[in-house]
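> Everything below, folded, please.
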Amino acid sequence: MEEIFSGIKVTEDDIKYAERILFGNVNIFDKKERRPIIEDFQNSFDVNACPGSGKTTVLLAKLIILSRKMPLDNGKGICVLTHTNVAIDEIKNKLGDKSDILFKYPNYFGTIQNFVDKYLTIPYFKKIMNEHIKSIDDDIYCNHIRKLSKENYPKIDSAIQYSIKEGNPRYTNKSYEKNFENFITNKHFDDSVQEIRGDNDRILKNLEYYSELKMVMADKTLYKGILRYEDAYCLARRYLERFPIMREYFSSRFGFVFMDEMQDVDLKQMGIINKIFNNEVITQRFGDVNQSISKFSCDVDAWIFKDDIRTINSSKRYGEGILKFLEPLRINKKLGKMKGNKYVSTLNPHVIIYDDATIELVIETYIELLDKYNVHEEENKKVKIIGKIGMSVENPNKSISSYVKEYSAKGNKKISIDKKIINKLSQIGNTKEFYEYLIYIIRLSITINGRVSSKEEFIKLMEDKYNEEFLIYRSNILEWTKKFKEDRNVVLTDIVEKTEDLLQKVIEIDYDIDILKCNIRSNKEEVVTQEEVAITKEESEGPINLDNINTIMGTKGETHKATLYLESKLVYGSKDLSDISRILDYMVNKKDKVDEGDKEALMNAYVAMSRAEKLTCIAIQYDTIKGRIKEFEEYGYKIIGCNKEINRLIEKDKLR
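Below is the predicted model of the structure:
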């Protein structure tokens, strides 16, 4: 049977071809949910898919089929907008040379940020300032702001001191440099880029410090070509408003637009995208509206569904039993109930209870549970520790670093940890981790235009100016990952040679081949830097690079073997912003209607608790759950104390 959409014929052979490429087998895509989406190239629609449903794989199947149909009618291209390059790398790895046609003009593959930067922000800045942008990168921006903090801004200083006095958890008495950075980075340009506003779009123009703020953010930063990602969107919107003809250009160039992880598109990004493409472009968007989380806020209404909504409600990740705990956390329950995988056995969630005296025992208790249930990592399925807030905070506030003192949201996630999980957490087990490792190694050995670069700056340079060379380089990663354990020396030699070949083509980069060789060839696959010494396999304890501790946001889309979800808390005056305390009623299905103020906490919990195939643990402070332990146990949660004293409190609480 053939379906004819927009001049594209989708045959049974096309479907089987995509299945063989993706799975090495056929008859994988079900005919009820997934195949109708894969076959439809005629209509614009949205796909809302539950965790573990393989929505990105469905999108990959569509793109694989399209690669057989190129070139398209009228010379039009396809535009694929993502939040990461994982899907792009997977296409390249799966299809090899056959995918080349997808990555050539008039097609575009890349992140929304790179698309906006390349086609809108960079040319507009050049047009109005007659200068090149120096950087579009949050880390570089923050470094620049910290340097400016050493200058004299008495009115800003006064505002910061007032915030400290009022107990604003954003500021501490420890570092003025950090306070200054927080003060500036929480201010935003409006759409005209003429005015600066505060949180919740608050008008600042009449405040005493406004002239100093404008000097820092505009004169000494934006106009110097040092931008945050959000600043790039402000300039892009301004460009489109002044030159609406750009919409005609993009709409005539692209026949299809595919968007992945739509729930992560914020209001600013969505506003840009709506201005870029007209209704003649077929737009198909994939995501899960119930996973729409960001660092400290959520734009619940950023993704407004089209009239045509398709759903994928069957998950391949976890068993049916866990749905009892996940369904009550979904904000949008109108799109059908989830279905679990009958071939997967998932334990009921375990609640690990602690107090301030035992908070550092939480991870130890988690490790004991992993041993009890014989939970081991598998390839692409890690044992993870996650929380909403990554930044360091002081008690009574809670963040990841409250449980793991050595954790830093900026990296350097080092922790002395029992040897039982060193092997579980420190091995490179998939192409994504292999890729991240190589980028880290490369950055240790290079400078860009005489400066040490961030990961984002390096990747942006490669994708903007050397995209074809970078794609070819990344296409080796799948093979390197597969062969690494079989013939390590051959793979390492090949990596050095191909990395050097790549860097030689990039005129903006200076590199030290000796550092590159030293790091790639150092035994135990550990990175050699001046600050740290690689640990050997024989060492039982010591600091290790623990990438398996992360924010909830940083683990979206992942499948874990086990997940520990840590309660986060910000106390501001009399306001307790614990992410768990706000959702206790939902967790035991006692509250169906969702309050607006609870949405962010619910989505974080939903994402965190839907990662694990085998075991999910939730660390909850005793004061948060006090008086409700019996209720949670009766609902099906397993309650575990961090020590005997906590267990006595638990037993006493059950008698209330």
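
> where along the stretch 251-400 of the chain do the helices fall?
Per DSSP state H, counting those that start in this stretch, the stretch 251-400 of the chain carries helices over the ranges 267-276, 323-326, 362-372, 400-403.

> Have a look at the chain and report its longest helix.
Counting by DSSP state H, the longest helix found in the chain is helix 488-504.

> For that helix, list the C-alpha coordinates in CSV.
Only the C-alpha atoms of helix 488-504 are listed here, as CSV (Å, rounded to 0.1, in the frame of the first residue of the first chain):
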residue,chain,number,x,y,z
ARG,A,488,41.9,0.3,22.2
ASN,A,489,45.3,1.3,20.8
VAL,A,490,44.0,1.3,17.2
VAL,A,491,41.0,3.4,18.1
LEU,A,492,43.1,5.9,20.1
THR,A,493,45.6,6.3,17.3
ASP,A,494,42.7,6.9,14.8
ILE,A,495,41.2,9.5,17.1
VAL,A,496,44.4,11.4,17.4
GLU,A,497,44.9,11.4,13.6
LYS,A,498,41.4,12.4,12.7
THR,A,499,41.2,15.0,15.4
GLU,A,500,44.4,16.6,14.2
ASP,A,501,43.2,16.5,10.6
LEU,A,502,40.0,18.3,11.8
LEU,A,503,41.8,21.0,13.8
GLN,A,504,44.2,21.7,11.0
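
> starting at the chain centroid, how far to it?
Its chain's average C-alpha position is 29 Å from that of helix 488-504, according to CA atoms, centre = their mean, to the nearest Å.

> Report the next helix or strand after it in sequence order.
strand 509-511 (DSSP states H and E).

> Now do the contacts for residue 262.
Counting by CB atoms under 8 Å, 6 or more residues apart in numbering, residue 262 makes contact with 46, 285-287, 303. C-beta here means a position set from N, CA and C on the backbone, and glycine is covered the same way.

> Span of stretch 309-318 from start to end?
From its first residue to its last, stretch 309-318 covers 24 Å (CA to CA, to the nearest Å).

> And for that stretch, what's in contact with it?
By CB under 8 Å, 6+ apart, the surrounding residues in contact with stretch 309-318 are 30, 33-34, 36-37, 45-55, 58, 335-341, 344, 346, 559, 610, 612-613.

> can you do 6 Å?
Stretch 309-318 is contacted from outside by 33, 37, 45-50, 52-53, 335-336, 338-341, 344, 346, 559, 613, using CB atoms under 6 Å, 6 or more residues apart in numbering.

> need the helices of the stretch 251-400 of the chain in CSV with mean neighbour count and distance to residue 564, can you?
Below are these laid out as CSV (neighbours: other CB atoms under 10 Å; distance: least, CB to CB, whole Å):
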stretch, mean neighbour count, distance to residue 564
helix 267-276, 19, 31
helix 323-326, 19, 15
helix 362-372, 18, 5
helix 400-403, 23, 9
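
> Figure out which of the ones you listed is closest to residue 103.
Closest to residue 103 of the helices of the stretch 251-400 of the chain is helix 267-276 (CB to CB; 20.1 Å).

> Summarise which helices and strands that closest one is packed against.
If you count contacts as 3 or more CB pairs under 6 Å, 6 or more residues apart in numbering; DSSP states H and E, helix 267-276 packs onto helix 229-242.

> what's the model's confidence in the helix it packs on, averaged?
Mean pLDDT, computed over helix 229-242, is 92.

> likewise stretch 129-146?
Stretch 129-146 shows an average pLDDT of 89 in the prediction.

> about what we covered before: are any of the contacts of residue 262 buried, and if so which?
By neighbour count, with 16 or more other CB atoms under 10 Å, the contacts of residue 262 hold 46, 285-287, 303 as buried.

> Where is pLDDT lowest across these?
Comparing these by pLDDT, residue 303 comes last, at 82.

> Now do the contacts for that one.
Contact partners of residue 303, counting by CB under 6 Å, 6+ apart, are 262-263, 289.

> So which of the residues you listed is the closest to residue 553?
Looking across those and measuring by CB to CB, the closest to residue 553 is residue 263, at 11.7 Å.

> wait, residue 338 sits on residue 323?
Yes. With contact defined as CB atoms under 6 Å, residue 338 reaches residue 323; the gap is 5.4 Å.

> which residue is nearest the centroid of the chain?
residue 554 (4.1 Å; CA atoms, centre = their mean).

> ok but it is inside a helix, no?
Yes. Assessed by DSSP: H, G, I helix; E, B strand; the rest coil, residue 554 belongs to a helix.

> Can you check the pLDDT for it?
pLDDT for residue 554: 80.

> One more: residue 124?
Residue 124 carries a pLDDT value of 94.

> re earlier: make JSON lines out of the buried ones among the contacts of residue 262 and add distance to residue 79.
Below are the buried ones among the contacts of residue 262 laid out as JSON lines (distance: CB to CB, whole Å):
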{"residue": "46", "distance to residue 79": "17"}
{"residue": "285", "distance to residue 79": "12"}
{"residue": "286", "distance to residue 79": "14"}
{"residue": "287", "distance to residue 79": "17"}
{"residue": "303", "distance to residue 79": "18"}
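
> So which of those residues sit within strands?
Mapping the buried ones among the contacts of residue 262 onto strands (DSSP state E) picks out 46, 285-287.

> Distance from stretch 51-71 to the middle of the chain?
Relative to the centre of its chain, stretch 51-71 is centred 21 Å away, using CA atoms, centre = their mean.

> hmm, who's touching it?
The contact list for stretch 51-71 (CB under 6 Å, 6+ apart) reads 8, 14, 18, 21, 34, 37-38, 49, 87, 99, 101-102, 260, 286, 312, 315-317, 610.

> Return a selection command, for use in PyMOL, containing the buried ones of the residues you listed.
Per 16+ other CB under 10 Å, the buried members of the contacts of stretch 51-71 correspond to this PyMOL selection:
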select buried, resi 8+14+18+21+34+37+38+49+87+99+102+260+286+312+315+317+610
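
> tell me the contacts of residue 653?
When contacts are counted by CB under 6 Å, 6+ apart, residue 653 touches residue 629.

> how far away is it from residue 647?
Residue 653 is 11 Å from residue 647, where distance means CB to CB, to the nearest Å.

> Residue 118 now?
57 Å.

> where does the protein have low pLDDT?
1-7, 84-87, 193, 294-301, 408-430, 449-453, 484-489, 513-547, 572-574, 576 (pLDDT under 70).

> can you do 50?
Scanning the chain for pLDDT under 50 picks out 1-5, 295-300, 410-426, 522-545.

> In its sheet, which strands sit next to the longest strand that the chain contains, and in what direction?
Scanning the chain for the longest strand, with DSSP E as the assignment, gives strand 612-621. Strand 612-621 pairs in its sheet with strand 350-354 (parallel), strand 560-566 (parallel), by DSSP bridges.

> between those, which gets nearest to residue 628?
Within the strands paired with strand 612-621, the stretch nearest residue 628 is strand 350-354; the backing value is 10.4 Å (CB to CB).

> that older thread, identify the farthest-apart pair in the buried ones among the contacts of residue 262.
286 and 303 (10.7 Å).

> Strands of the stretch 101-250 of the chain, start to end?
With strands called from DSSP state E, counting those that start in this stretch, the stretch 101-250 of the chain shows them at 108-111, 135-136, 188-189, 196-197, 226-227.

> okay, these, which one's buried deepest?
strand 135-136 (a mean of 24; mean count of other CB atoms under 10 Å).

> Indicate each strand paired with it and its parallel or antiparallel sense.
Strand 135-136 sits in its sheet next to strand 226-227 (parallel), going by DSSP bridges.

> The partner strand: how far from the chain's middle?
With CA atoms, centre = their mean as the basis, strand 226-227 stands 22 Å off its chain's centre.

> For residue 149, what are phi and psi?
Here is the backbone geometry of residue 149 (degrees, to the nearest 10): phi -60, psi -20.

> so it sits right up against residue 182, yeah?
No. The pair residue 149 / residue 182 is not scored as a contact, 10.5 Å apart, by CB under 6 Å.
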